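Novice: Could you look at this predicted model? Sequence included:
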Amino acid sequence: MISKLPWASPPWLRDLAGAWVFYSVLPGARWPRPRFERIARFAPWIGLVIGGLQALVWWMGAGRIPVAAQVALVLALGLWLTGGLHMDGAMDTADGLGAGSRCLEAMEDSRVGAAGVQAIVLLLLLRAAALFSLAALTPAAVTACLLGAPIWARIAPLLAMERFPYLRDQEGGSAGFHRRHWRGLGRELRPTVVLLGFLAGLSLVGQGPWAPWSGLIPAVMVPLWLGHRLGGHTGDSYGACVEWTETWALALSAGLVVLTGP
């Protein structure tokens, strides 16, 4: 059988390939064959790749192009690399929160409502303001912020999956497979332990040793707040957790810049 061949890929590697395909638009390899079961545990690693590419763009533009252009390019790149997957969830979640008792119905509607439009505007404005403030730091410190925020943003849905029920039918919901294959927060966080060590290393780089850790509080508070408001979570609210955690992580970093100075 194929599974017994010496070059057959282990399940964890197939889940990693599945996370790469599911959470980004980056081209995938022909091997290993993607599996879409426990992919959420590898989402923070995809966040590291996305944040790394954003940081690279920031480095390349530092001192060469206006800061406004840097900010616009970094924001646009982040949206493109994810295919708007999480931002779509953030908009749908905002529509649901604004619909009251019709919450789930509004979140299922493919049309974007006023609350959803306001959500994306707020998210992008807050990120832009944060990046403008962070530009006062050295490129190394800004890089630490851009690397840390996407990692924490993708830890947040893991807390949501552990703490709250899935509000849709697990067989029919687009993100139901996360709950069907859930093995508990401890096991799902194991791949992230290495990334936490990486963030600890980033704390030693340049100014702003707090920068890589600014997403810790949002990564806990955002999924808890949304879970209590909605009574649980859906695939859309998982995406909202990603977008709002990343945004507040950058905003907290910017706030610390204002308080402590460049």
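Specialist: Thanks, I have it.
Novice: Tell me where the stretch 101-250 of the chain is predicted with low confidence.
Specialist: Within the stretch 101-250 of the chain, the ranges that satisfy pLDDT under 70 run 170-174, 205-208.
Novice: So Val222 sits against Pro157, correct?
Specialist: No. With contact defined as C-beta atoms under 8 Å, Val222 does not count as touching Pro157 (9.6 Å). C-beta: built from backbone N, CA, C; applies to glycine.
Novice: joint contacts of those two?
Specialist: The overlap between the contact sets of Val222 and Pro157 (C-beta atoms under 8 Å, 6 or more residues apart in numbering) consists of Cys241.
Novice: So which elements touch the host helix or strand of Ala219?
Specialist: Following DSSP states H and E, the helix or strand that holds Ala219 is helix 216-230. Using 3 or more C-beta pairs under 8 Å, 6 or more residues apart in numbering; DSSP states H and E as the contact criterion, the secondary-structure elements in contact with helix 216-230 are helix 85-98, helix 139-163, helix 235-260.
Novice: Those helices into CSV, with extra columns for distance to Glu188?
Specialist: Output for these, formatted as CSV (distance: least, C-beta to C-beta, whole Å):
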stretch, distance to Glu188
helix 85-98, 18
helix 139-163, 6
helix 235-260, 13
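Novice: Quick one, which of these gets closest to Arg183.
Specialist: Each of these was checked against Arg183 via C-beta to C-beta, and the shortest separation belongs to helix 139-163, namely 10.3 Å.
Novice: could you say what helices and strands the next helix or strand after the closest one packs with?
Specialist: Going down the chain from helix 139-163, the next helix or strand is helix 176-180, by DSSP H and E. Applying 3+ C-beta pairs under 8 Å, 6+ apart, one finds that helix 176-180 makes contact with helix 139-163, helix 235-260.
Novice: repeat that for 6 Å
Specialist: If contacts are counted by 3 or more C-beta pairs under 6 Å, 6 or more residues apart in numbering; DSSP states H and E, helix 176-180 sits against no helix or strand.
Novice: Mind listing residues that contact the next helix or strand after that helix?
Specialist: Counting by DSSP H and E, the element after helix 176-180 in chain order, helix or strand, is helix 185-188. Applying C-beta atoms under 6 Å, 6 or more residues apart in numbering, the external contacts of helix 185-188 come out as 41, 158, 162.
Novice: Now the buried members of these.
Specialist: Neighbour counting with 16 or more other C-beta atoms under 10 Å marks 41, 158 as buried within these.
Novice: between the contacts of helix 185-188, which is closest to Ser214?
Specialist: Compare each of the contacts of helix 185-188 with Ser214 using C-beta to C-beta and the shortest gap goes to Leu158, at 18.3 Å.
Novice: Against Leu216, how distant is the nearest residue to that closest one once chain neighbours are set aside?
Specialist: Computed as C-beta to C-beta, 6 or more residues apart in numbering, the closest residue to Leu158 that is not its neighbour in sequence is Glu188, at 5.5 Å. Between Glu188 and Leu216 the distance is 17 Å, computed by C-beta to C-beta, to the nearest Å.
Novice: now the helices for the stretch 1-150 of the chain?
Specialist: Secondary structure of the stretch 1-150 of the chain (DSSP state H, counting those that start in this stretch): helices located at 11-23, 43-61, 67-82, 85-98, 103-108, 114-134, 139-163.
Novice: tally of neighbours for Ile217?
Specialist: By the other C-beta atoms under 10 Å criterion, the neighbourhood of Ile217 contains 14 residues.
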